[in-house]
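Student: Pasting a predicted model and its sequence here:
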Amino acid sequence: MNNKSNLLLLLLFGLTIGLVGWLGLKLASQQDRQIKASQIDRSEQALLLMQNNINEYIIQQQEHFNQLLNKDLNALQARLNSDPMIHDILLLNLVDQIVFPSQVNPLQQQNSYQWLNNIAIHDESNTNNQPKSGWFIWYQQQTEKYIFWTMNDSQKLFIELNNAMFMGDFIHWLSQQPNIAKPGYLVINDNQGRTFYQWGKELTAKADINIQKHLSSPFTGWSLRYYSNTQSLSTLSKGLFQLIIIGLLILVSIITYILFSIKRREHQEAQQRLSFVNQVSHELKTPLTNIRLHGDLLARTLNSTEIPAKSMQSLNIIQQESERLTRLINNVLNFNSVDNSTLSIHCSPIPFSQLLEESIEPFKPKFEQLDIAVIVNNAINSDVNIDHDIFKQIMANLLSNIEKYAAESRQITLSTKQNADLITVVVQDQGEGIQRKFHEKIFRPFYRIKSDLTHASGSGLGLGLARELARLHGGDLQLIPCETGACFELTLMEDS
């Protein structure tokens with residue numbers, strides 16, 4: 001049996017180690033995923049920040065150019081001559097005639113028609129009188145040109161930018177921005193997919209993270225891209241992580257095995273003790289039955305003759321002690337039957353008052369000797385369909401405990417009631433009571449609050465067996481709070 005148990009423990013331990021190792025890998029993988037998700041979130045935030053910064057740059061340029069709409073012609077000419085970023089300016093009046101420059105060449109005339117067509121859709125969709133502005137890209141002789149336009153109710157202003165100067169200014173502005181790409185690689189691609197500007201070192205291998213955001217006008221078709229490799233847990237960290245978990249598991253397993261061994265040894269000792277007592281009980285039951293039989297026969301014979309009172313008293317003691325020994329033997333045998341699940345209930349109808357009286361009757365002589373009064377408050381005046389032997393044995397264990405542990409009690413109160421099929425019996429003494437910390441322990445097999453030789457003897461099986469018998473009968477046995485002494489509540493389910 002021990003070899004099988006050890007083999008089973010070894011198998012469980014091996015499976016647990018494997019399971020924990022697999023769990024460690026899963027946790028490490030989950031940690032890697034969390035790290036990657038965190039990096040992706042930081043990367044998206046970096047792209048969003050750069051996108052917003054570029055939009056602010058464009059807005060600044062628009063505000064700078066919007067001021068020219070309200071300038072006079074001389075101021076426009078001065079600005080055209082002094083600002084290297086501006087290649088050309090066209091100002092049109094309410095009827096779309098060019099009023100600046102005063103001398104218009106054919107190319108400027110042609111451009112004005114084309115540019116007006118580009119802003120016509122925007123003009124029709126705008127229903128308020130607020131100034132309107134925007135950007136569009138103009139291709140001339142396969143050259144890309146950036147056009148900014150702004151208008152009010154009386155004028156339309158077109159500004160053609162010098163591409164080289166505009167891109168140079170944009171690159172200079174980008175160079176002033178902090179490197180928010182660490183530890184990855186951030187790049188701006190133009191509408192041809194070419195790299196326009198970059199932060200960080202270009203990755204040689206395929207990136208684990210590749211995120212893109214598009215830029216708004218005038219950089220239509222341009223994009224921001226962020227490339228990075230995830231910084232996962234190292235192999236050493238994963239191995240160390242698993243070793244720590246497995247080490248903790250081994251430590252817990254060793255402690256568990258030691259506790260299990262101690263518990264198993266205690267259980268084996270208890271089983272051996274119970275087996276020994278069970279065998280002895282079986283051996284004692286036959287001679288004890290004969291003693292009780294002949295004691296009863298002798299009592300009936302002597303009742304018809306005159307004998308000394310002392311002899312009758314001795315005979316009563318023999319009968320009482322025989323009954324007590326019978327209860328002890330039945331406790332051991334029934335405990336073993338309950339433990340092996342071989343005990344069953346056998347219900348039959350009986351007047352409850354009669355059953356209660358039969359349960360108390362064997363203890364009356366001892367209670368009279370101890371000067372203990374028994375008060376019965378019976379509210380069940382009908383027949384009940386329960387197992388007589390189980391009820392008597394439970395009551396015998398409860399009353400026997402009072403006899404042994406609450407001999408100083410001057411009164412015992414038995415109160416009964418019935419609710420539907422549930423029968424309740426409350427047994428209360430006036431002894432010193434039981435401390436709350438022992439309320440559940442007293443139902444454990446072989447447990448005794450005071451086990452030294454100076455206190456009342458007992459096997460420690462009575463209350464535990466009584467509770468198991470009550471639960472077998474569909475009820476329970478509990479120690480409930482009361483003002484004085486100990487108060488046990490027994491419930492049994494009547495077989496309907």
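Tutor: Cool, the structure landed.
Student: Just name the shakiest helix or strand of the protein by mean pLDDT.
Tutor: helix 309-339 (a mean of 64; mean pLDDT, DSSP states H and E).
Student: How many residues are close by residue 143?
Tutor: Residues lying near residue 143 (other C-beta atoms under 10 Å) number 8. In this view, the C-beta of every residue, glycine as well, is placed from N, C-alpha and C.
Student: Hmm, I typed the wrong one, I wanted residue 405.
Tutor: Counted with other C-beta under 10 Å, residue 405 comes out at 20.
Student: Tell me how far it lies from residue 398.
Tutor: Remark: distance between residue 405 and residue 398 (C-beta to C-beta, to the nearest Å) = 11 Å.
Student: can you check residue 445 too?
Tutor: Residue 445 is 17 Å from residue 398, by C-beta to C-beta.
Student: neighbour-wise, which of the two wins?
Tutor: Ranked by neighbour count (other C-beta under 10 Å), residue 445 and residue 398 place residue 398 first, with 23 against 15.
Student: where does the more buried one land on pLDDT?
Tutor: pLDDT, residue 398: 90.
Student: repeat for residue 300
Tutor: In this model, residue 300 carries a pLDDT of 69.
Student: Show me the protein divided up by domain.
Tutor: The chain breaks down by automatic domain parsing into domains covering 2-62+233-264, 68-232, 344-496.
Student: Can you tell me the closest non-neighbouring residue to residue 379?
Tutor: In space, and not counting its chain neighbours, residue 379 is closest to residue 417: 4.8 Å by C-beta to C-beta, 6 or more residues apart in numbering.
Student: Next, count neighbours for residue 102.
Tutor: Residues near residue 102, counting by other C-beta under 10 Å, number 8.
Student: measure the residue nearest to it when sequence neighbours are not counted to residue 36 for me?
Tutor: Excluding the flanking residues, the one nearest residue 102 by C-beta to C-beta, 6+ apart is residue 73, at 7.4 Å. From residue 73 over to residue 36 the distance is 60 Å, taken as C-beta to C-beta.
Student: hang on, isn't residue 79 packed against residue 86?
Tutor: Yes: with contacts counted by C-beta atoms under 8 Å, residue 79 reaches residue 86, the gap being 6.7 Å.
Student: Which one's more surrounded, these two?
Tutor: residue 86 (20 against 16).
Student: so where is the stretch 1-150 of the chain shaky, pLDDT-wise?
Tutor: 1-25, 27-28, 121-131 (pLDDT under 70).
Student: quick one, strands of it?
Tutor: For the stretch 1-150 of the chain, the strands defined by DSSP state E, counting those that start in this stretch occupy 86-92, 98-100, 132-140, 143-151.
Student: so how far is the third one from its chain's centroid?
Tutor: By that I understand strand 132-140. A distance of 60 Å separates the centroid of the chain from that of strand 132-140, by C-alpha atoms, centre = their mean, to the nearest Å.
Student: and what of the second one?
Tutor: Using C-alpha atoms, centre = their mean, the mean C-alpha position of strand 98-100 is found 76 Å from that of the whole chain.
Student: Could you do stretch 476-491 as well?
Tutor: 36 Å.
Student: Any chance you could list what contacts that stretch?
Tutor: Stretch 476-491 is contacted by residues 394-395, 398, 406, 409, 422-434, 439, 442-443, 463, 466-467, 470-471, 475 when judged by C-beta atoms under 8 Å, 6 or more residues apart in numbering.
Student: Average pLDDT for the helix or strand containing the residue nearest to residue 379, rounded please.
Tutor: Residue 417 belongs to strand 411-419 when elements are defined using DSSP states H and E. Strand 411-419 shows a mean pLDDT of 93.
Student: Would you mind pulling up the elements that the following helix or strand past that strand packs against?
Tutor: On the C-terminal side of strand 411-419, the closest following helix or strand by DSSP H and E is strand 422-428. Applying 3 or more C-beta pairs under 8 Å, 6 or more residues apart in numbering; DSSP states H and E, one finds that strand 422-428 makes contact with helix 388-405, strand 411-419, strand 487-493.
Student: Identify whichever of those lies nearest to residue 40.
Tutor: With C-beta to C-beta as the measure, strand 487-493 is the member of the helices and strands packed on strand 422-428 nearest residue 40 (62.7 Å).
Student: Would you list the strands that the closest one pairs with, along with their directions?
Tutor: Here strand 487-493 has these sheet partners by DSSP bridges: strand 422-428 (antiparallel), strand 476-480 (antiparallel).
Student: Highest mean neighbour count out of these?
Tutor: strand 422-428 (a mean of 20; mean count of other C-beta atoms under 10 Å).
Student: what mean pLDDT does it have?
Tutor: The model assigns strand 422-428 a mean pLDDT of 93.
Student: Give the buried residues for the following helix or strand past that strand.
Tutor: Per DSSP H and E, the first helix or strand lying C-terminal to strand 422-428 is helix 462-472. Residues 462-470, 472 are the ones in helix 462-472 that count as buried (16 or more other C-beta atoms under 10 Å).
Student: export stretch 46-64 as CSV, just CAs?
Tutor: Provided in CSV are the C-alpha atoms of stretch 46-64 (Å, rounded to 0.1, in the frame of the first residue of the first chain):
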residue,chain,number,x,y,z
ALA,A,46,4.8,58.7,-30.8
LEU,A,47,3.3,58.7,-34.3
LEU,A,48,0.2,60.6,-33.1
LEU,A,49,2.4,63.1,-31.4
MET,A,50,4.5,63.7,-34.6
GLN,A,51,1.4,63.8,-36.7
ASN,A,52,-0.1,66.5,-34.5
ASN,A,53,3.2,68.5,-34.6
ILE,A,54,3.2,68.4,-38.4
ASN,A,55,-0.4,69.6,-38.5
GLU,A,56,0.6,72.5,-36.2
TYR,A,57,3.4,73.4,-38.6
ILE,A,58,1.0,73.4,-41.5
ILE,A,59,-1.5,75.6,-39.5
GLN,A,60,1.3,78.1,-38.7
GLN,A,61,2.1,78.3,-42.5
GLN,A,62,-1.6,78.8,-43.3
GLU,A,63,-2.0,81.6,-40.7
HIS,A,64,1.1,83.2,-42.1
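Student: Touching that stretch from outside, list them.
Tutor: Contacts for stretch 46-64 (C-beta under 8 Å, 6+ apart): 133, 148, 150, 170, 173, 177, 180-181, 186, 211-213, 215-219, 224, 226.
Student: now, which of the residues you listed lie within strands?
Tutor: 133, 148, 150, 186, 211-213, 224, 226 (DSSP state E).
Student: For those residues, give me JSON lines that also has neighbour count.
Tutor: Below are those laid out as JSON lines (neighbours: other C-beta atoms under 10 Å):
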{"residue": "133", "neighbour count": "18"}
{"residue": "148", "neighbour count": "24"}
{"residue": "150", "neighbour count": "20"}
{"residue": "186", "neighbour count": "23"}
{"residue": "211", "neighbour count": "17"}
{"residue": "212", "neighbour count": "11"}
{"residue": "213", "neighbour count": "14"}
{"residue": "224", "neighbour count": "21"}
{"residue": "226", "neighbour count": "25"}
